[in-house]
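Student: need a 3D model of the following:
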Amino acid sequence: MTQFPVVDDCLQAGGIPLTELARRVGRTPFYAYDRGLIAQRVAQLRQHLPASVHLHYAIKANPMPEVVRHLAALVDGLDVASAGELRIALASGMNPGAISFAGPGKTDAELAEAVASGIIVNLESEREMERIAVLGRNHSVRPRVAVRVNPDFELKSSGMKMGGGPKQFGVDAERVPAMLARIGQLGLDFQGFHIFSGSQNLRADAIKEAQEKTIELALTLAKSAPSPVRLLNIGGGFGIPYFPGERPLDIAAVGGSLARLLGGIKQQLPQVQVVVELGRYLVGEAGLYVCRVIDRKISRGQVFLITDGGLHHHLAASGNFGQVIRKNYPVVVGNRVVGGKREVVSVVGPLCTPLDLLADGMEMAEADVGDLVAVFQSGAYGLTASPTAFLSHPAPAEVLV
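Tutor: Numbering: from 1, shown residues only. Predicted structure coming up:
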C-alpha cells in the first residue's frame, strides 16, 4: 500500500500525519478519504479510456455528501440506487440529466421523485415500466427511461456476478424486445440500455470480453428500440487489490480494447453515448479506516490488540461482507508503520462476538494502548455497508481531506 505517504514512520492522509488528523477529528474511530487520490484516479481513467466515453460515479460505493460533491465536479454523471442517494446526487450540483437510478425494488414514492427530478430511470421489470408510465400520465410528464438488461453472460472471475442466469436485476435479455415495443406504445422517453454483468474484477481480459459481449448485445437489442439509442451504460466491474498476490487492474489494456470496440458501435448507433459506471474503483483505495488501541492482552501466547472500532463500522474488513474464505485487508499501526519491533497480532474490536476481527495473525509493528490502527482500501463499501446499530456503539466520523 503506497498511496498514502509515510513520514517519520507515520501515515499521512491528505498531507496530514495520522496522529494530527486524529486530533483534528477529535475522536476515533473515523474514516478518512483523500480528495487528491480520488482526483488522481479520475485523471488516470481519463488518460486511458477513450475520450468519448462518459465516466459516471456509482454513489452506493461511498455516499458521503462531501465525497459525492467532490466527484460531481470531476465525472460526467452519477448513478443512484435509492431516493436518499438521489437527493445527495441532486444536492451535489450534477445536472439531473446526467443522473440515473437503478435498483430492483423502487417504490412508487421513489419513482415519483425520480420522474419529477427529470433523471433517467433504469427499468428493472415490465411492471416497473407500467408503474412509471402511470406516474408520467398523472403528472403530465414524459419519464426518461432506459432498460436494465440481464444479459445471458456474466463477468468471469468477478467478485459479485450481476448478470447471467436468473437474477433479480434487470430484464432478461430475451424479454427486452417485447418490452421495447411496449415502451413505444406507452410514449415513454426511451434513452437506451444499462447492461452490467459483474463487479470487483482484476482481470483485464475478463472485462474486455464482457464489454465485447455487452456491446454486441446492445446492437442486437437496438434493432427493436422504439427510438434511436442515445445511452449505453456498460457498467464497470473494475476491481482494486485487497489481498496478498492480487495485482492492480491493467486499465491501459481495458481502455485500448474499449477504443477499438467503440469504432464499430458509433457507425451503427450514431447518437449513442457510452457510459462506464464505476464506484469502488474511484474511491476504494483513497480511504482509510482508523481506530485506536484501547487494550493489549495476551491469551495463551497470542497477542490481541483490542480497538474501539470493528465490524459494526467496517463489515467488509472483518471478512463478513461476501468473503467465502476470510482474508486480511491491509492493516498497519498507523503511527508506527515499520516500528522498532515487529510481532504477530490479531486486531479485534469491542463487540461481544468472535466475528469482530480486523486482522488475524498479521505481522505488525509492536503497538500499545493509544496507538492508531489503520485499515487500507476502505474508501468503498465501508461505513454504509456495515451494521452500525449492532450493540449500540457510537458511529464513526467521516472526513474528506
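
Student: when you work out contacts or count neighbours from here on, use the C-alpha atoms and nothing else.
Tutor: Noted.

Student: and Gln185, its phi and psi?
Tutor: phi -60, psi -40 (degrees, to the nearest 10).

Student: how about the helices in this protein?
Tutor: Ranges of helices in the chain, per DSSP state H, are 18-25, 35-48, 65-72, 83-91, 108-117, 126-139, 176-186, 204-222, 251-268, 280-283.

Student: most tightly surrounded among these?
Tutor: Of these, the one with the most neighbours on average (mean count of other C-alpha atoms under 10 Å) is helix 280-283, at a mean of 27.

Student: tell me the helices and strands packed up against that helix.
Tutor: Applying 3 or more C-alpha pairs under 8 Å, 6 or more residues apart in numbering; DSSP states H and E, one finds that helix 280-283 makes contact with helix 35-48.

Student: just want the angle from the helix it packs on to helix 65-72.
Tutor: Interaxial angle of helix 35-48 relative to helix 65-72 (axes from the mean of the first three to the mean of the last three C-alpha atoms, to 10 degrees): 30 degrees.

Student: pull the distance from helix 35-48 to the chain's centre.
Tutor: 15 Å (C-alpha atoms, centre = their mean, to the nearest Å).

Student: walk me through the domains of this protein.
Tutor: What the record gives for the chain is the domain set 6-32+286-400, 63-278, from automatic domain parsing.

Student: select, out of these, the one closest to Ala51.
Tutor: domain 63-278 (8.9 Å; C-alpha to C-alpha).

Student: next, the distance between the ends of the closest one.
Tutor: 13 Å (C-alpha to C-alpha, to the nearest Å).

Student: for it, give the mean pLDDT please.
Tutor: Here domain 63-278 scores 92 as its mean pLDDT.

Student: hmm, back to that, now the domains of the chain in a markdown table, with distance to His48?
Tutor: Converted to a markdown table, these look like this (distance: least, C-alpha to C-alpha, whole Å):
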| stretch | distance to His48 |
| --- | --- |
| domain 6-32+286-400 | 19 |
| domain 63-278 | 5 |
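
Student: figure out which of those domains is closest to His56.
Tutor: domain 63-278 (4.5 Å).

Student: nearest residue to His65 in space, please, no chain neighbours.
Tutor: One correction, residue 65 is Pro, not His. Ile88 (6.1 Å; C-alpha to C-alpha, 6 or more residues apart in numbering).

Student: for Ala359, find the nearest of the helices of the chain.
Tutor: helix 18-25 (19.5 Å).

Student: who are the packing partners of the closest one?
Tutor: Counting by 3+ C-alpha pairs under 8 Å, 6+ apart, helix 18-25 packs on strand 10-13.

Student: tell me what the strand it packs on is packed against?
Tutor: Secondary elements touching strand 10-13 (3+ C-alpha pairs under 8 Å, 6+ apart): helix 18-25.

Student: from the chain's centroid, how far away is the helix it packs on?
Tutor: On C-alpha atoms, centre = their mean, the centre of helix 18-25 falls 27 Å from that of its chain.

Student: state the distance from the residue nearest to Pro65 to Val134.
Tutor: 26 Å.

Student: related to what we said a few turns ago, can you put the helices of the chain in CSV and add distance to Lys297?
Tutor: As requested, the helices of the chain are exported to CSV (distance: least, C-alpha to C-alpha, whole Å):
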stretch, distance to Lys297
helix 18-25, 23
helix 35-48, 36
helix 65-72, 37
helix 83-91, 42
helix 108-117, 50
helix 126-139, 55
helix 176-186, 60
helix 204-222, 44
helix 251-268, 44
helix 280-283, 35
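
Student: list just the one of the ones you listed that sits closest to Val332.
Tutor: Nearest of those (C-alpha to C-alpha): helix 18-25, 11.9 Å.

Student: same question for the closest one, mean pLDDT?
Tutor: On average, helix 18-25 scores 98.

Student: now do the strands in the stretch 301-401 of the chain.
Tutor: Along the stretch 301-401 of the chain, counting by DSSP state E, counting those that start in this stretch, strands occupy 302-307, 331-333, 342-348, 357-365, 372-375, 397-400.

Student: give the burial count for the closest residue in space to Asn95 that isn't next to it in sequence, as a bare number.
Tutor: Excluding the flanking residues, the one nearest Asn95 by C-alpha to C-alpha, 6+ apart is Gly77, at 7.8 Å. Close neighbours of Gly77, defined as other C-alpha atoms under 10 Å, add up to 24.

Student: what of the one 3 residues further on?
Tutor: Neighbourhood size, Val80 [other C-alpha under 10 Å]: 23.

Student: which ones are touching it?
Tutor: For Val80, the contacting residues are 58-60, 86, 89, 99-102, by C-alpha atoms under 8 Å, 6 or more residues apart in numbering.

Student: most surrounded residue in these?
Tutor: Ala58 (28 neighbours).

Student: quick one: pLDDT of that one?
Tutor: 98.

Student: wait, isn't it in contact with Leu278?
Tutor: Yes: using C-alpha atoms under 8 Å, Ala58 is in contact with Leu278, at 5.6 Å.
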